[in-house]
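**Q** Have a look at this prediction, sequence included:
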Amino acid sequence: AAGVIQSPRHLIKEKRETATLKCYPIPRHDTVYWYQQGPGQDPQFLISFYEKMQSDKGSIPDRFSAQQFSDYHSELNMSSLELGDSALYFCASSLGLGGNQPQHFGDGTRLSIL
Amino acid sequence: AQSVTQLDSHVSVSEGTPVLLRCNYSSSYSPSLFWYVQHPNKGLQLLLKYTSAATLVKGINGFEAEFKKSETSFHLTKPSAHMSDAAEYFCVVSESGTYKYIFGTGTRLKVLA
């Protein structure tokens, strides 16, 4: 079965650079979530989209922005990168909003800031 | 506010012995609870979910969990550990209204030969 696809898998940037992470949800899934997982930490919610509209916002820095496109894929744009942004970034998708709809996760993008 | 607490950061078991990973939740509403497993450098894989149906939930790879409202617990068990079960396990609650996930701090399961 098709899963959530994230690209790139690994990304190395320097401080103050920008980065764009992409997420392709499972076909027919209309909801996308972004999470950030620091080293040895649990994932923290950043932002979510339902039917191309932002549905919730968590601990996402102002330097980051995201959107969901007409084909339901999503991009997380990160600017003025800092050392502390080094983390594993996960995207998850689900079919609709609802507590009984499990989120399916991609393998993540590992972002390293030098 | 909803939250989950994983009571053990590390659990070690011998291969073939039972596994118990403990999770307590805090919620004013009937929660949606999940267990996910994360192998090194991999994404999170759904093991099982509780969404107010049967209180004993069976998942993949022989795992199951029991929702106990009186104890506000959702412990994960497996009768017999396998070497491939070694991973990080997260207990998760889906926040009512927003449906974003709130993760526990994780339990690292080590399986000894």
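**A** Structure received.

**Q** Confirm residue B:16 sits in a helix?
**A** No - under DSSP: H, G, I helix; E, B strand; the rest coil, residue B:16 falls outside any helix and is assigned coil.

**Q** gap between the closest residue to it other than its chain neighbours and residue B:20?
**A** If you skip the residues right next to it in sequence, residue B:16 has residue B:80 as its closest partner in space, 5.3 Å away by CB to CB, 6 or more residues apart in numbering or on different chains. In this view, the C-beta of every residue, glycine as well, is placed from N, C-alpha and C. When distance is defined by CB to CB, to the nearest Å, residue B:80 is 12 Å away from residue B:20.

**Q** before we move on, what about residue A:109?
**A** 33 Å.

**Q** Show me which of the two is the more surrounded one.
**A** Counted by other CB atoms under 10 Å in any protein chain shown, residue A:109 and residue B:20 do not tie: residue A:109 has more neighbours, with 22 against 12.

**Q** Tell me the bridge partners for the more buried one.
**A** On the basis of DSSP bridges, residue A:109 takes part in beta bridges with residue A:89.

**Q** what residues are up against it?
**A** With contacts defined as CB atoms under 8 Å, 6 or more residues apart in numbering or on different chains, residue A:109 is in contact with A:6, A:7, A:8, A:9, A:10, A:11, A:21, A:88, A:89.

**Q** Same question for residue A:76.
**A** For residue A:76, counting by CB under 8 Å, 6+ apart, the contacting residues are A:20, A:21, A:23, A:34, A:46, A:47, A:64, A:65, A:66, A:89, A:91.

**Q** In JSON lines: those residues, plus secondary structure, distance to residue B:102 and pLDDT.
**A** Output for the contacts of residue A:76, formatted as JSON lines (DSSP: H, G, I helix; E, B strand; the rest coil; distance: CB to CB, whole Å; pLDDT from 0 to 100):
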{"residue": "A:20", "secondary structure": "strand", "distance to residue B:102": "27", "pLDDT": "98"}
{"residue": "A:21", "secondary structure": "strand", "distance to residue B:102": "22", "pLDDT": "98"}
{"residue": "A:23", "secondary structure": "strand", "distance to residue B:102": "20", "pLDDT": "98"}
{"residue": "A:34", "secondary structure": "strand", "distance to residue B:102": "15", "pLDDT": "96"}
{"residue": "A:46", "secondary structure": "strand", "distance to residue B:102": "13", "pLDDT": "96"}
{"residue": "A:47", "secondary structure": "strand", "distance to residue B:102": "15", "pLDDT": "95"}
{"residue": "A:64", "secondary structure": "strand", "distance to residue B:102": "20", "pLDDT": "97"}
{"residue": "A:65", "secondary structure": "strand", "distance to residue B:102": "23", "pLDDT": "96"}
{"residue": "A:66", "secondary structure": "strand", "distance to residue B:102": "20", "pLDDT": "97"}
{"residue": "A:89", "secondary structure": "strand", "distance to residue B:102": "18", "pLDDT": "97"}
{"residue": "A:91", "secondary structure": "strand", "distance to residue B:102": "17", "pLDDT": "96"}
